[in-house]
Each structure stands twice: as structure tokens, then as C-alpha cells.
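S.K.: with the input below, show me the fold.
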Amino acid sequence: MMYYVFLVGSLLIAVAGLALRRRSDSLSRALLVGGCVGCLACLGWQVRESLFTPPAKGPDRGQAVVAYFLANEFLRQSGSQPGTVVLVFPPDSVISEESRGVFAGTFSRVLRGFTEFKVQTVVLSLPDKAARAGNIPLKAFQQAVTNYPTATAYVSFAGVPGDIGEFTPPERRPGPGFFVFDPWGTTNWLSALRKGNVRTAIVPRPGVARDGEVSGEPNAIFERLYLMATPATADRIASELGAR
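M.R.: Prediction:
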């Protein structure tokens, strides 16, 4: 905004200088010089902004790949039943709005061609201390999804509590499946995964640190940074995480 104010002001000064040529030659020249200098300064400002301002960061591919794989797992297991897919996120004290947008945006893009599914997002409500530690009670999940009693699936980017197998859908019908990203790398999902309440769980690969910006193909990024647990691989993944 300030750029345009300065540019318009410089042009007006130059125009005033032209208009005063017959009345005062010295004042006219001063105004013309001042207006031209102002316009040159604006040009230099634009060049500086174009050449030396770093480009805006794109979405975090390390986060996007998690949503990409969860979305594809959901599609693979969803069958033909249409409905609402509820994305569950931890509070703002745990995840930024930008990260939440990356997860939700990527998941929605994968489902874009499947018009039978509608994606909704909810944010868990609980104290910051408990949220940061990953101590999310079952009650918080129950409360968060109250408005979506007929959901086809719940996709949690906040892990799940150890008793998620006791989750009761709002309509007291057989529960939809959970597809889980557990950023804390716990095995809270293990029992429910064995029973089928949780269909897929993704966890960070132990001992792997992210260094700077993540690049590469989605499969390569995923293999480098994450592990995926399914009913067939649950025990092996739990063993890699050090679960007893």
C-alpha cells in the first residue's frame, strides 16, 4: 500500500512541476527532479522486491505425504458407502493453522474426484498441557464428532487414546473406522488396530530427524520419515517402536 502512495505522490509532484514551468522555472525544475527521483526510487523498490525477496514457502511435503497416504488408505478400504469423512486435529497449541491447512488440503485433493464423500474438520478441545503431551482422552473425541453422527470414517491427526476401541458413535451404531496419524509415535492404536476399530496408523520413523526442507517423490519421503501399521503389520511396527 505504501508503495502505491509513494508512487502516486511522486507522479503528482512531477505533474505539478510541469504545470508551473511558465510561472517559476526554478520551482518547476525542483518539482520535476523531486518527482523523477521519487519514481526512480519506486522502480528500485520493485526491483529489490522482485530479485531479493525469498519466494514464499510451499506446503510442507513431509506433512502433505501423511495426508496423502491416509487418504489413499481410506479410499482403498472405504468400499462403496458414501458419507462424511471427519478430519480430527489437535488444538492450536500443538499444530499451527498452516500445518492444519496442509493436512486438510492434501486429504481433500486426493478425494476431489470422489463426490460421494464430503470432508469436514474438527478441532479437539482440551487443556494445552495435556494436548502437547499427547494425553488426549476418549471423551474429547466423543465431544468433537457429536455433530457428525453418520460419519463414514474419522481421520485423526492427533493420534488416539489407548481406549479408542471403546469409542461409541453418536448414533450407537457399529463404529466407522479410524485412520490415524500419531505424531507422538505411541502405540495407543495397537489394540484397536488388531480389533479393526483402527484401520491404519502412521507414526514417525524412530531415530529419523527431519533436516530442513523435505523433497523427493511421495513414496520416497514416506519411506524415509514414517512407518505405516495395518492389521497385518501391527506387531512388527509396534516392535520397531519399542512397544512391549
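S.K.: where do the helices sit along the protein?
M.R.: Using DSSP state H, the helices of the chain run over residues 2-19, 25-52, 61-77, 97-110, 128-133, 138-144, 190-195, 218-225, 234-240.
S.K.: touching the last one from outside, list them.
M.R.: It stands for helix 234-240. For helix 234-240, the external contacting residues (Cβ atoms under 8 Å, 6 or more residues apart in numbering) are 187, 190, 193, 194, 201, 203, 206, 227, 228, 229. Placement of C-beta: from N, CA and C, glycine included.
S.K.: got the contact list for residue 137?
M.R.: 126, 130, 161.
S.K.: same list (these) but as a markdown table, adding neighbour count, pLDDT and distance to residue 167.
M.R.: Compiled in a markdown table, those are given as follows (neighbours: other Cβ atoms under 10 Å; pLDDT from 0 to 100; distance: Cβ to Cβ, whole Å):
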| residue | neighbour count | pLDDT | distance to residue 167 |
| --- | --- | --- | --- |
| 126 | 19 | 87 | 16 |
| 130 | 15 | 85 | 18 |
| 161 | 21 | 92 | 9 |
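S.K.: selecting buried members of the contacts of helix 234-240 in ChimeraX, what would you type?
M.R.: To isolate the buried members of the contacts of helix 234-240 in ChimeraX, using 16 or more other Cβ atoms under 10 Å:
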select :187,190,193,201,203,227,228,229
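S.K.: now the contacts of helix 234-240 as a markdown table including distance to residue 83 and pLDDT?
M.R.: Below are the contacts of helix 234-240 laid out as a markdown table (distance: Cβ to Cβ, whole Å; pLDDT from 0 to 100):
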| residue | distance to residue 83 | pLDDT |
| --- | --- | --- |
| 187 | 29 | 93 |
| 190 | 27 | 94 |
| 193 | 22 | 93 |
| 194 | 25 | 91 |
| 201 | 22 | 96 |
| 203 | 27 | 95 |
| 206 | 35 | 90 |
| 227 | 29 | 95 |
| 228 | 24 | 96 |
| 229 | 24 | 95 |
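S.K.: out of the contacts of helix 234-240, which comes closest to residue 122?
M.R.: Nearest to residue 122 out of the contacts of helix 234-240 is residue 201 (Cβ to Cβ; 19.3 Å).
S.K.: hey, what's the closest one bridged with?
M.R.: Beta-bridge partners of residue 201, counted by DSSP bridges, are residue 180, residue 229.
S.K.: wait, it sits on residue 229?
M.R.: Yes: applying Cβ atoms under 8 Å, one finds residue 201 in contact with residue 229, separated by 4.4 Å.
S.K.: what touches both of those two?
M.R.: 189, 193, 237.
S.K.: quick one: contacts for residue 192?
M.R.: So residue 192 contacts 160, 164, 165, 178, 198 (Cβ under 8 Å, 6+ apart).
S.K.: thought the fourth one was touching residue 151?
M.R.: No: here residue 178 does not reach residue 151: they are 10.4 Å apart, not a contact under Cβ under 8 Å.
S.K.: so those two - more neighbours on which side?
M.R.: residue 178 (24 against 21; other Cβ atoms under 10 Å).
S.K.: now, which of the contacts of residue 137 sits nearest residue 110?
M.R.: For the contacts of residue 137, the nearest to residue 110 is residue 161 (26.6 Å; Cβ to Cβ).
S.K.: can I assume the closest one is in contact with residue 138?
M.R.: Yes: Residue 161 is within contact range of residue 138, at 4.9 Å (criterion: Cβ under 8 Å).
S.K.: okay, the closest residue to residue 197 other than its chain neighbours: pLDDT?
M.R.: Counting by Cβ to Cβ, 6 or more residues apart in numbering, the nearest residue to residue 197 once its immediate chain neighbours are dropped is residue 165, at 4.8 Å. At residue 165, the predicted lDDT confidence score is 86.
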